[in-house]
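Participant: just a sequence and a predicted model for now, questions to come.
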Amino acid sequence: MARSGQTWKTYLQLMRGVTGHCGVVHEAQPETAEQDEVFMARFMSDLRAGAVQFQDVMAGTGISEKHFRHHLRYISRWGVVRRTLLANGANFQLLEQLRAEEQAHQLDDLTLSGKLVEQRQQLAEHLRKKAPPPQIKAVGWLAPHPQSGHAARVYTAREIVWLYDTNEVDAAEGLHPAVARSVIARYLTAKGGVVADPMAGSGTVAVTATRLGHTTWASDIAPAHPYIARVDLLERDLAEVLEGSPHPLVDLMFLHPPLPASLDLQAAGFSADEGGYGAWLGAILEHTLHALRAGGHLVLVLPLGISPSLLHRAQAQLFLSLQENFGPQQPLTLKASHLAVARSGREGWHLFVVQSPALEKED
């Protein structure tokens, strides 16, 4: 057997703590997924009931609760093939994306070895031989448009402000289609990417992305069209919504939150001030960030007329959420900040772009 990957070693530490809490002796193996999940489900139930504190069980392991809840916890649900690859040293983040492929038996006979770039190539070649791209038939998913009538302008780094013409307007609300096209073209340079807009509104971003050749997920708390799925991001995690779909992780996500005046913050359990809005935005980010593919981009869209204090609050919450969800050890910085303004001067947008941590090489 190849040298075990660090993530598998961490998972074994986790399972020792979990089974110790359950009062049993059990050594996890790639073939013991069903037994692992029984103990994991019991541990999760005790956590929810407040019968145990995560830090007490995992003291000294260095495993954070966020890492456990969003990543390590799900290894017990993986099949034998993925668990065996992980135990043999395959990259965890690479394998984490492959639930649908494993269920379709597309990972049978797969071997991954060497550096991360080599594993990516091996996986891509293996999947290319195994199966054609899946057909999407579900509310929320929009397939790429066969022909695009829109040419996307890619702004250069020297163009501090993006100017767009009012005659390009396709919809009277939401992010301007010309701006959406420019963002998508800048951060998804090849066709065939996956774009998500979980606050889709009238669906402008989703439709625009399909015209540029991308597959798109669109959802909203109050869908404006039948093709937009209904998802309340305060109640559901987007990664869980997309789990099991042909595209459980996305390459580019737009997050266009309403301003406080359009929200009933108190009804949602937050204070009716800027601090409450920051906490609300943090909850939304908590339920969207983990649907990003490793190295994927998130664009936070805010109107140009927002008050300076609220703009600062939203940007600070974005950085705080990144640190809380991906860890302080990651080099988390703003990838880009754009201003998009109509030539008429009647509307404009702040666009803050951040990038999720890229895949890391296993030790």
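Facilitator: Perfect, thanks for sending it.
Participant: count of neighbours near Gly296?
Facilitator: Other residues lying near Gly296 total 23 when counted by other Cβ atoms under 10 Å. Every C-beta, even on glycine, is put in place using the N, C-alpha and C of the backbone.
Participant: pull out the buried residues from the helix or strand harbouring it.
Facilitator: When secondary structure is defined using DSSP states H and E, the element that contains Gly296 is strand 292-303. Taking 16 or more other Cβ atoms under 10 Å as the neighbour-count basis, strand 292-303 is seen to contain the buried residues 292-294, 296-302.
Participant: taking those residues, tell me the two that lie furthest apart.
Facilitator: The largest distance within those, taken as Cβ to Cβ, falls between Ala294 and Leu302 and amounts to 25.7 Å.
Participant: regarding His105, what is its secondary structure?
Facilitator: Going by DSSP: H, G, I helix; E, B strand; the rest coil, the secondary structure assigned to His105 is coil.
Participant: count of neighbours near it?
Facilitator: Other residues within reach of His105, judged by other Cβ under 10 Å, total 12.
Participant: tell me how far it lies from Asn91.
Facilitator: In this structure, His105 and Asn91 are separated by 21 Å, where distance is defined by Cβ to Cβ, to the nearest Å.
Participant: count the residues that sit near Phe54.
Facilitator: Applying other Cβ under 10 Å, I find that Phe54 has 17 neighbouring residues.
Participant: oops, could you answer that again for Val139 instead?
Facilitator: When neighbours are counted by other Cβ under 10 Å, Val139 registers 12.
Participant: quick one, what contacts it?
Facilitator: Listed by Cβ atoms under 8 Å, 6 or more residues apart in numbering, the contact partners of Val139 are 226-229.
Participant: from these, pick the one nearest Ser309.
Facilitator: Proximity of these to Ser309 (Cβ to Cβ) peaks at Ile228, which lies at 32.3 Å.
Participant: now the end-to-end length of stretch 102-113.
Facilitator: Terminal residues of stretch 102-113 lie 18 Å apart, using Cα to Cα, to the nearest Å.
Participant: for the stretch 1-150 of the chain, which spans come out with low pLDDT?
Facilitator: Low-confidence regions of the stretch 1-150 of the chain, defined by pLDDT under 70, span residues 1-4, 128, 131-137, 146-150.
Participant: now with 90?
Facilitator: For the stretch 1-150 of the chain, applying pLDDT under 90 flags the ranges 1-6, 60, 66-67, 69-71, 91, 93-108, 113-139, 142-150.
Participant: can you show me the strands along it?
Facilitator: Per DSSP state E, counting those that start in this stretch, the stretch 1-150 of the chain has strands spanning 141-142. These are given in chain order.
Participant: hang on, the earlier thing: just name the lowest-scoring one in the buried residues of strand 292-303, pLDDT-wise.
Facilitator: Summarising pLDDT for the buried residues of strand 292-303: the lowest-scoring member is Ala294, with 85.
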